[in-house]
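Asks: Here is the input, now give the coordinates:
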Amino acid sequence: MHWGAGCAVIAAAMSITTYIVRGQMGGPSSPVYNPYPPGILPSDISSELARVEREVDFTESEAIAQWPFSWIRTFAQEEE
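Replies: Have a look, this model is predicted:
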C-alpha cells in the first residue's frame, strides 16, 4: 500500500514539473546578449569563426607533429 502511494506522489510531481517547464518554453525569445558596441564585431561573424578555427587546427597539428621530437631537446638540455 505504501509503494502505491509513493508512486502516485512521484507521478504527480513529475507531471507538474513537466507542465511548468513546458509553460516556460512558450514565451518570446529574448535577443542574444552582445556586450560589444556596434562596429566591433565583424558583420560576417561565421566566416571569422571559421578562420579562427582553421588557425587553431593548424597550430594544433603543428604541435602534434613536433611532439615526438620534443624529448630530444629536453634530453639535450639536461646533458649540458
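
Asks: which residues in this protein form helices?
Replies: Remark: helices assigned in the chain by DSSP state H are 2-24, 45-66, 70-79.

Asks: can you pull the buried residues of the second one?
Replies: Which is helix 45-66. Neighbour counts over helix 45-66 (16 or more other CB atoms under 10 Å) mark no residue as buried. From N, CA and C alone the C-beta is placed, and that goes for glycine too.

Asks: contact partners of that helix?
Replies: With CB atoms under 8 Å, 6 or more residues apart in numbering as the test, helix 45-66 has contacts from Pro42.

Asks: For that helix, C-alpha coordinates in CSV please.
Replies: Output in CSV follows, covering the C-alpha atoms of helix 45-66 (Å, rounded to 0.1, in the frame of the first residue of the first chain):
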residue,chain,number,x,y,z
ILE,A,45,30.9,36.5,-37.7
SER,A,46,30.5,32.9,-39.0
SER,A,47,33.4,33.3,-41.6
GLU,A,48,35.5,34.9,-38.9
LEU,A,49,34.9,32.0,-36.5
ALA,A,50,35.7,29.6,-39.4
ARG,A,51,39.0,31.4,-40.0
VAL,A,52,39.9,31.2,-36.3
GLU,A,53,39.1,27.5,-36.1
ARG,A,54,41.4,26.9,-39.1
GLU,A,55,44.2,28.7,-37.4
VAL,A,56,43.7,26.7,-34.2
ASP,A,57,43.6,23.4,-36.2
PHE,A,58,46.8,24.4,-37.9
THR,A,59,48.6,25.3,-34.7
GLU,A,60,47.4,22.1,-33.1
SER,A,61,48.6,19.9,-36.0
GLU,A,62,52.0,21.6,-35.9
ALA,A,63,52.3,21.0,-32.2
ILE,A,64,51.3,17.3,-32.6
ALA,A,65,53.8,16.9,-35.5
GLN,A,66,56.6,18.3,-33.3
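
Asks: mean confidence score for it?
Replies: Across helix 45-66, pLDDT averages out at 93.
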